[in-house]
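J.: task: produce atomic coordinates for the following.
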Amino acid sequence: MSEAGQTNPNVIWRVVDGEAILLDTTTGYHFSFDAIGTEIWEGLQQGSTVADIAAGISRKYAMDERVVQQDVSDFLAELRSAKLWN
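T.: Residues are numbered from 1 along each chain as shown. Below is the predicted model of the structure:
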């Protein structure tokens, strides 16, 4: 799955106390991410690839990189499904 994309222009976000808070200004839905979800979100914002994000998380938390890469890919699919990432 390609990670190329961008934040939906109708989504505004901030990190508060280490957690990303997102608001879709079109639907009014809001989302919050835990620390790892926030790391993924910020990595995407910086243009990092899924592989780079997964490598960083797996090093930081001493996790199997293949498992983390699948988790990051799944998270990206959820972002797309919620129309937060195009």
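
J.: from here on, just use CA atoms for contacts and neighbour counts.
T.: OK.

J.: pLDDT below threshold where in the protein?
T.: 1-4 (pLDDT under 70).

J.: and if we set it to 90?
T.: 1-5, 86 (pLDDT under 90).

J.: who does residue 7 form a beta bridge with?
T.: Beta-bridge pairing for residue 7 (DSSP bridges): residue 85.

J.: actually residue 23, not the one I wrote
T.: Bridge pairing for residue 23 - DSSP bridges - gives residue 12, residue 30.

J.: quick one: buried residues of the longest helix anywhere in the chain?
T.: In the chain, with assignment by DSSP state H, the single longest helix is helix 65-81. For helix 65-81, the neighbour count (16 or more other C-alpha atoms under 10 Å) marks 65, 68-69, 72-73, 76, 79-80 as buried.

J.: nearest to residue 16 among the residues you listed?
T.: Taking C-alpha to C-alpha as the measure, residue 16 sits nearest to residue 79 out of the buried residues of helix 65-81, at 19.2 Å.

J.: residue 46 versus that closest one, what's the distance?
T.: 16 Å (C-alpha to C-alpha, to the nearest Å).

J.: residue 21 - that's part of a strand, no?
T.: Yes - applying DSSP: H, G, I helix; E, B strand; the rest coil, one finds residue 21 inside a strand.

J.: the chain should start at 5 in everything you say after this.
T.: Sounds good: first residue 5 from here, last item residue 25.

J.: so it sits against residue 36, correct?
T.: Yes - in this structure residue 25 lies within contact range of residue 36 using C-alpha atoms under 8 Å: 4.5 Å.

J.: sorry, back to before: how about the buried residues of helix 69-85 in JSON lines, adding distance to residue 42?
T.: Formatted as JSON lines, the buried residues of helix 69-85 follow (distance: C-alpha to C-alpha, whole Å):
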{"residue": "69", "distance to residue 42": "18"}
{"residue": "72", "distance to residue 42": "14"}
{"residue": "73", "distance to residue 42": "15"}
{"residue": "76", "distance to residue 42": "11"}
{"residue": "77", "distance to residue 42": "14"}
{"residue": "80", "distance to residue 42": "12"}
{"residue": "83", "distance to residue 42": "12"}
{"residue": "84", "distance to residue 42": "16"}
